[in-house]
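Chemist: I would like to see how this sequence folds:
(4 chains)
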There are 2 protein chains.
Amino acid sequence: MSMTIKVNEETFTPRQQAVLTAALDLLVENGDGLTMTAVARRASCSKETLYKWFGDRDGLLTATVQWQAAKVRMPQVDRSHLNARMLRLSVEQFARDLLTVIIGEVSITLNRTAITHATQEKDRLGNIVLENGPLAIRRRLKPILEAGRDARLLRFPSSEDAYRTFFGLVVRDVQIRLLLGDSALTQSNVEANIEADVKAATDQFFALYGVKADQ
Amino acid sequence: MSMTIKVNEETFTPRQQAVLTAALDLLVENGDGLTMTAVARRASCSKETLYKWFGDRDGLLTATVQWQAAKVRMPQVDRSHLNARMLRLSVEQFARDLLTVIIGEVSITLNRTAITHATQEKDRLGNIVLENGPLAIRRRLKPILEAGRDARLLRFPSSEDAYRTFFGLVVRDVQIRLLLGDSALTQSNVEANIEADVKAATDQFFALYGVKADQ
DNA sequence: ATGGAACCGTACCGTACGGTACGCCTGCGA
DNA sequence: TCGCAGGCGTACCGTACGGTACGGTTCCAT
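Modeler: Residues are numbered from 1 along each chain as shown, chains lettered A, B, ... in the order given. This next block holds a predicted model:
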């Protein structure tokens, strides 16, 4: 049951990627009401082709989510010469990237889809989103934090806890409210405040973990 | 469009509440795969009765979510004599309540259901959950925070921002990971750390907003 | 006792959608 | 030119489920 399909690399032909794009578009538009017929029509292909390429509806969904989630790549941060200013800029950049991704329409759609699917003990999509979302950032932020600690710029008992606090300070209640469709929180509304929020979160993070009242 | 149905008070007979309980149980078990037939069977009633009472499937779902969400009540905190110790205990209690609610199976189910529904531009459930979840806590925490500020125990520019930071410090990435079905985060796993997390979050909150290095 | 309201159980209908089958077209290699 | 593989479009099937109809039962008021 539930074969693990390899879709990590560029296993998709351009034609297949066009199909996945169509699927993603429909996902963003109609939510999880994704219909094989609709995808076929949108991508101008036959349903039979869809089934040949992706096995079944779940396979198509998985491929779409994984393919799209993997596209979310954040810029690598220079870790070589690490002074207080560079560290702060790096953390700030992570905050900005995290916030920008999280409020994006695609991210919201992917998270909603994965959460909807996690309901039926099918947590594959959930794991994919987790892996490419929060965990990807964690993997990349942790070394920075630890480098900061080694350089006596930061102090924390556990880099894991430091990361999770960072996540909380940045995301706060924005993500859950967007996922729930909070009408008081439009995307443009949030976007306008990104810079202020990023600065505030970074300030707070350094207030909690910075060694010498940085700035 | 989208009438607002009054279900705030005890508009439900015991029999109806039994039906709603059955619906909630099925929701927790099977997720949004809620079937009218299943509810009828579980509650030992006829589908016709369901439709007579709740209009349609969406009405039943709405009634269930609203009825259940409204049951989440947090203990009122004594606000009369507010010294540093009382304030800290209050905030800590809020953190504990918030975390306890959020990791509960019922809360997760309700949030998942609401998010699933927010997908089809039906954000009614989302608003209900928001209203009875985060916003309920906010309404109750804000006065405490402002009382703390008036008593010169706390300092913050905006109580709104203070609340949202509190939310982030407490919830961090726990909720989204649970919603996504993160297998590395079982409920018992989180439960065991509640007290430590609550203390840490409270410490951090006072570190950021406390006036005189409280404790 | 009798009428009726409420409700249970079940059969039934219509539709939407996942999945399959098949006929047709196009492009390409021999 | 022929054959064939890949793929499009469409028709089709089975099923699951929302919603309705209806007969039978219980219970209460008159």
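Chemist: so who does the most centrally placed residue in chain A touch?
Modeler: Nearest to the mean C-alpha position of chain A, by C-alpha atoms, centre = their mean, lies residue A:133 at 3.1 Å. By C-beta atoms under 8 Å, 6 or more residues apart in numbering or on different chains, the contact list for residue A:133 reads A:69, A:72, A:101, A:107, A:111. C-beta coordinates here come from the backbone N, C-alpha and C atoms, glycine included.
Chemist: among these, which ones lie close to DNA strand D?
Modeler: Restricting the contacts of residue A:133 to those within reach of DNA strand D (C-beta under 7 Å from any atom of the strand) leaves nothing.
Chemist: what is the nearest of these to residue B:137?
Modeler: residue A:111 (22.2 Å; C-beta to C-beta).
Chemist: and the closest one, how far from DNA strand C?
Modeler: To DNA strand C, residue A:111 is 20 Å away according to C-beta to the nearest atom of the strand, to the nearest Å.
Chemist: following the host helix or strand of that residue, which helix or strand shows up next?
Modeler: Per DSSP states H and E: residue A:111 is located in helix A:105-118. Going down the chain from helix A:105-118, the next helix or strand is helix A:124-132, by DSSP H and E.
Chemist: still on that earlier bit, of the contacts of residue A:133, which ones also sit close to chain B?
Modeler: When contact is defined as C-beta under 8 Å from any C-beta of the partner chain, the contacts of residue A:133 meet chain B at residue A:111.
Chemist: among the contacts of residue A:133, who's most crowded?
Modeler: Within the contacts of residue A:133, most neighbours by other C-beta atoms under 10 Å in any protein chain shown means residue A:111, with 26 neighbours.
Chemist: pull the number of nearby residues for residue A:173.
Modeler: Neighbour count of residue A:173, defined by other C-beta under 10 Å: 25.
Chemist: export stretch A:36-47 as PDB, just CAs?
Modeler: Taking C-alpha atoms only, stretch A:36-47 is exported to PDB below (Å, rounded to 0.1, in the frame of the first residue of the first chain):
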ATOM      1  CA  MET A  36      -9.100  15.100 -12.400                       C
ATOM      2  CA  THR A  37     -11.400  16.200 -15.200                       C
ATOM      3  CA  ALA A  38     -10.700  19.800 -14.400                       C
ATOM      4  CA  VAL A  39      -6.900  19.300 -14.400                       C
ATOM      5  CA  ALA A  40      -7.100  17.400 -17.700                       C
ATOM      6  CA  ARG A  41      -9.200  20.200 -19.300                       C
ATOM      7  CA  ARG A  42      -6.900  22.900 -17.900                       C
ATOM      8  CA  ALA A  43      -3.800  21.200 -19.000                       C
ATOM      9  CA  SER A  44      -5.300  20.100 -22.300                       C
ATOM     10  CA  CYS A  45      -4.500  16.500 -21.700                       C
ATOM     11  CA  SER A  46      -6.500  13.400 -21.300                       C
ATOM     12  CA  LYS A  47      -7.400  11.900 -18.000                       C
END
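Chemist: give me the contact list for that stretch.
Modeler: With C-beta under 8 Å, 6+ apart, stretch A:36-47 has contacts from A:15, A:18-19, A:21-23, A:25-26, A:30, A:49-51, A:57, A:60.
Chemist: now that stretch: average pLDDT?
Modeler: Averaged over stretch A:36-47, pLDDT sits at 95.
Chemist: pull out the buried residues from that stretch.
Modeler: A:39-40, A:42-43, A:45 (16 or more other C-beta atoms under 10 Å in any protein chain shown).
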